[in-house]
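> Sequence first, predicted model second:
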Amino acid sequence: MTDIITSSWFTKLPRGHVRIGISRGVPGSATDFKLYRALQPGCWFKSVSPQEYTMRYFKILADLDPVSVVEDLAYLADGGTAVLVCWEPPPPSTKWCHRSLVSAWLHDTLNMEMPELGHDGFGWNHPLLPQADLFTRGLRVSR
């Protein structure tokens, strides 16, 4: 299985790491990246509460086959480490991010460890899970 981690568009990546965007937009300064649109949030991403966002995003994830997603990401990474990126800054930022929800989903569905670059914690211990983690644990997605 390929290594997959998470990070921000603005984090400098080590050699051998491949930036794969899962956000709805790309910074104008971004270069050398690939996109994986299946993990992008819906157009509602800026207009709903964290609870509603999480419910809607887990519905997107529930429609995906996690094995196929990991295979697609491995293909895009082409032998490197796949790094799922979006706009939110890395820890110690207190902002939460949908890339943490992907980590929780892959942990639940494939028992996969997908941490934030340079940080401990993956799955339901990912450092960028919504602060109100109690509601997200009730929304676990399985196939």
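Structure's in. What do you need? Numbering: from 1, shown residues only.
> Secondary structure element for the residue nearest the centre of the chain, which one?
By Cα atoms, centre = their mean, the chain has its centre lying nearest to R99, at 2.3 Å. Using DSSP states H and E, R99 falls within helix 98-110.
> Any buried residues in that helix, and which?
The neighbour-count check on helix 98-110 (16 or more other Cβ atoms under 10 Å) flags H98, R99, S100, L101, V102, S103, A104, W105, L106, H107, D108, T109 as buried. For every residue, glycine as well, the C-beta is placed using N, CA and C.
> can you pull up the bridge partners for the closest residue to the second one other than its chain neighbours?
To tie it back to what came earlier, the one meant is R99. Nearest residue to R99 in three dimensions, chain neighbours excluded: T6, at 4.1 Å (Cβ to Cβ, 6 or more residues apart in numbering). The residues paired with T6 through beta bridges, assigned by DSSP bridges, are L84, E116.
> who's in contact with T6?
Remark: with contacts taken as Cβ atoms under 8 Å, 6 or more residues apart in numbering, T6 is in contact with 83-85, 97, 99-100, 102-103, 114-117, 126, 128.
> where does R140 land on pLDDT?
On the pLDDT scale, R140 is placed at 55.
> What score does the residue nearest to R99 have for pLDDT?
Confidence at T6, expressed as pLDDT, is 97.
> do you know how far it is from F33?
According to Cβ to Cβ, to the nearest Å, T6 and F33 sit 14 Å apart.
> now H98
Summarising the geometry, the distance separating H98 from F33, computed by Cβ to Cβ, is 17 Å.
> What of Q40?
Using Cβ to Cβ, one obtains 14 Å as the distance from Q40 to F33.
> ditto for S8
Distance of S8 to F33, computed by Cβ to Cβ: 12 Å.
> Between the two, which contacts overlap?
Taking Cβ under 8 Å, 6+ apart as the contact rule, the neighbours common to S8 and F33 are V85.
> Before I go, just wanted to say thanks for your time.
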